[in-house]
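K.L.:
Kindly return the folded structure for what I paste below:
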Amino acid sequence: MRNASNFFALMFFISAASAQNVKFCKPCEELKNLQLPDVTILLAEVKASDTIKTPNEPWNPTVIIKKPFCRVLGRISKEINFELLLPKESNGRFLMSGGGGFVGSIQNSFRDKVNEGFVTAGTDAGHEGGEDAKWAYNNMERQLNFGRLAIHRTAVVSKLVMQQFYCVAPARSYFVGCSRGGGQAMVEAQSYPEDFDGVVAGAPAFDWPAFAAKFLEDTKNNYPNPNDLKPLITNDNLKLLQNEVLKQCDQLDGSADSIINDPRKCKFNFSKLPVCPAGQAGRGCFTDQQLAAIKAVYNPLVVEGKEIYPGFPFGSEAEMGSWDTWITGTGSEIPNGPSLHYMFSTNVFKYLVFNDSTWDYSKYDFKNFASQTAYASSYLDATNTDYSAFKKRNGKIIFFHGWNDPALSAYATIKHYEGILKGDKDAGSYARLFLLPGVLHCGGGRGCDNVDWVTLIVDWVEKSKMPDQIVASKTVQGKIITKNIVHYQKQ
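P.N.:
Numbers count the residues shown, from 1 in each chain. All right, here's what the predicted structure looks like:
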């Protein structure tokens, strides 16, 4: 029955293509026989439609593709696995998705874009397993694939397969990612400007040792004893903290909506927080140790007089999925550590910086930080503010960041963007930054977090429609409850 189903799907695919006068150089299933250097095509199958479960993509757990397409699975070199979806009714555009965290599985957030005619692709970034970084231990090939090569090589191979299938190269190519995917977008624009015509870098992880060091500082403050990982800061503390932050700063924008439109204007007075009696801890107050740990979150990490990573903006401290998950470890249980700052920092230093699985975070003092992290930065970071090669080929890049992102500070993205503007007075013609009030990491929070980034970048590249402002919306149970107009950051 399975073979019969595939046969009828193939016949439907071919007949539909003929009706639309679409020319195919090779039938889908013949793509498995493609001879490309250092590439193995593992699967090439016709699908009349599909419902795809994506357990590793909780933001988009079920994808429904309603139109016929060709699904290709392949492997580049030893371990870069990728997926490529080629719709029967192609619009000529290639759209690649970024991954999250340490990736470790094929991630493609735009599978449903096949319904609109986009050819879409995703990769596992060259390894399996994304809950920690043990895959990188003493393995330079995996490290380089993750940091530099997997997206580039997948993009090149995907476009070659497209050309074999459709008899023509993609008319335009786009990359959209958030978190690690945002950093991947920046790597592409800086190091491989020929790969994509437009990229979107959301809440980008682009300076790995730097943000890992900031995470580590938070971890050392919240979990000073590696043998006792009980959270120092409680959820009651977070509620008290957020209430006081809103009390002092919510109405600075003229609206009491529990959202601080620009946290840079919040000059928070910590003396207003209730302090516990010496030697005691309570639900309605803060100990000196708790206050010190909280203040450190907002302050930049400075090592030997140099700022390594900025602090985090005020706001949304007690929202679900904010500090509780990322910083204090008082939210839902996560694998491999009490908080995500703990998990990422310890794994980055163990397996990407020192290659030492026994490394003890509690003993690290940040001395010689620059020299110790130089190798990791060389293949992980995308900190270059010179986008001249990307500009030369008329590329466009959109940055966005949630103001209340507890994972990666919006101030880091702002600093990078300001560096672009400082180095090129014409930067606004190809680079734009949008800051989303009340939004957490890549989404969530009380703010408007839904934006059609794909349409924005396509319209900018193909119609010269500069995104001076965007429309962001908030959806609850499938219904839009509010919208917000966000202007790009000029300075």
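
K.L.:
Residue 474 in helix, strand or coil?
P.N.:
When classified by DSSP: H, G, I helix; E, B strand; the rest coil, residue 474 comes out as strand.

K.L.:
doesn't residue 316 make contact with residue 239?
P.N.:
No - between residue 239 and residue 316 there is no contact, the gap being 11.9 Å when judged by C-beta atoms under 8 Å. Placement of C-beta: from N, CA and C, glycine included.

K.L.:
between these two, who's got more neighbours?
P.N.:
More crowded of residue 239 and residue 316, by other C-beta atoms under 10 Å: residue 316, with 32 against 13.

K.L.:
can you tell me how far the more buried one sits from residue 33?
P.N.:
Going from residue 316 to residue 33 by C-beta to C-beta, to the nearest Å gives 53 Å.

K.L.:
How about residue 338?
P.N.:
50 Å.

K.L.:
For those two, indicate the residue with more neighbours.
P.N.:
A direct count of neighbours by other C-beta under 10 Å for residue 338 and residue 33 places residue 338 higher, at 19 against 9.

K.L.:
Let me know the helix or strand that that one is in.
P.N.:
Using DSSP states H and E, residue 338 sits in no helix or strand.

K.L.:
which residues does it contact?
P.N.:
By C-beta atoms under 8 Å, 6 or more residues apart in numbering, the contact list for residue 338 reads 223, 229, 231, 329.

K.L.:
can you put those residues in JSON lines and add distance to residue 300, secondary structure and neighbour count?
P.N.:
Shown next, in JSON lines, are the contacts of residue 338 (distance: C-beta to C-beta, whole Å; DSSP: H, G, I helix; E, B strand; the rest coil; neighbours: other C-beta atoms under 10 Å):
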{"residue": "223", "distance to residue 300": "21", "secondary structure": "coil", "neighbour count": "24"}
{"residue": "229", "distance to residue 300": "25", "secondary structure": "coil", "neighbour count": "14"}
{"residue": "231", "distance to residue 300": "23", "secondary structure": "coil", "neighbour count": "17"}
{"residue": "329", "distance to residue 300": "22", "secondary structure": "coil", "neighbour count": "25"}
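
K.L.:
What's the mean pLDDT across stretch 107-124?
P.N.:
In this model, stretch 107-124 has an average pLDDT of 97.

K.L.:
ok now it, how far from the chain's centre?
P.N.:
Its chain's average C-alpha position is 16 Å from that of stretch 107-124, according to C-alpha atoms, centre = their mean, to the nearest Å.

K.L.:
now swap in stretch 288-302 and tell me
P.N.:
For stretch 288-302, the distance to the chain centre is 26 Å (C-alpha atoms, centre = their mean).

K.L.:
the helices in the stretch 201-350 of the chain, which residues?
P.N.:
When secondary structure is read from DSSP state H, counting those that start in this stretch, the stretch 201-350 of the chain shows helices at 208-222, 235-249, 288-298, 323-326, 340-347.

K.L.:
what residue ranges in the protein score low on pLDDT?
P.N.:
Scanning the chain for pLDDT under 70 picks out 1-24, 55-59, 491.

K.L.:
domain parsing for it?
P.N.:
With domains defined by automatic domain parsing, the chain comprises 2-208+385-487, 210-378.

K.L.:
Would you mind finding the most buried of those?
P.N.:
Comparing the domains of the chain by mean neighbour count (mean count of other C-beta atoms under 10 Å), domain 2-208+385-487 comes out on top with a mean of 19.

K.L.:
now that one, how far from the chain's geometric center?
P.N.:
Mean C-alpha position of domain 2-208+385-487 versus that of the full chain (C-alpha atoms, centre = their mean) differs by 11 Å.

K.L.:
do the same with stretch 268-284
P.N.:
Offset of stretch 268-284 from its chain centre (C-alpha atoms, centre = their mean): 36 Å.

K.L.:
So which of the helices of the stretch 201-350 of the chain is nearest residue 466?
P.N.:
Closest to residue 466 of these, according to C-beta to C-beta: helix 208-222, at 30.1 Å.

K.L.:
how much does that closest one deviate in direction from helix 340-347?
P.N.:
120 degrees (axes from the mean of the first three to the mean of the last three C-alpha atoms, to 10 degrees).

K.L.:
Please tell me I have it right and residue 65 contacts residue 49.
P.N.:
Yes - between residue 65 and residue 49 there is a contact at 5.8 Å, judged by C-beta under 8 Å.

K.L.:
how about the helices of the stretch 201-350 of the chain in TSV, adding distance to residue 357?
P.N.:
Listed next are the helices of the stretch 201-350 of the chain as TSV, based on distance: least, C-beta to C-beta, whole Å:
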stretch	distance to residue 357
helix 208-222	16
helix 235-249	32
helix 288-298	27
helix 323-326	24
helix 340-347	10
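
K.L.:
so what's residue 69 up against?
P.N.:
Contacts of residue 69 (C-beta under 8 Å, 6+ apart): 46, 47, 50, 85, 86, 87, 88, 114.

K.L.:
Next, the contact list for the third one, please.
P.N.:
This points to residue 50. Here residue 50 is in contact with 63, 64, 65, 69, 71 (criterion: C-beta under 8 Å, 6+ apart).

K.L.:
same deal with the last one?
P.N.:
For residue 114, the set of contacting residues under the criterion of C-beta under 8 Å, 6+ apart consists of 65, 67, 69, 85, 87, 120.

K.L.:
before we move on, the earlier item: looking at the contacts of residue 69, which are in strands?
P.N.:
Using DSSP state E, the subset of the contacts of residue 69 located in strands is 46, 47, 50, 85, 86, 87.

K.L.:
Could you work out the most separated pair of these?
P.N.:
50 and 86 (13.0 Å).

K.L.:
Give me the common contacts of the two.
P.N.:
By the contact definition C-beta under 8 Å, 6+ apart, residue 50 and residue 86 are jointly contacted by 69, 71.

K.L.:
what about residue 455, is that helix, strand or coil?
P.N.:
Note that with three-state DSSP, the state of residue 455 is helix.

K.L.:
picking up where we left off before, adding distance to residue 148, write the contacts of residue 69 out as JSON lines.
P.N.:
Converted to JSON lines, the contacts of residue 69 look like this (distance: C-beta to C-beta, whole Å):
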{"residue": "46", "distance to residue 148": "34"}
{"residue": "47", "distance to residue 148": "32"}
{"residue": "50", "distance to residue 148": "32"}
{"residue": "85", "distance to residue 148": "25"}
{"residue": "86", "distance to residue 148": "26"}
{"residue": "87", "distance to residue 148": "30"}
{"residue": "88", "distance to residue 148": "34"}
{"residue": "114", "distance to residue 148": "28"}
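
K.L.:
out of those, who's nearest residue 289?
P.N.:
residue 85 (51.8 Å).

K.L.:
looking at the sheet around the closest one, what are its partners?
P.N.:
Here residue 85 sits in beta bridges with residue 71, residue 120, as judged by DSSP bridges.
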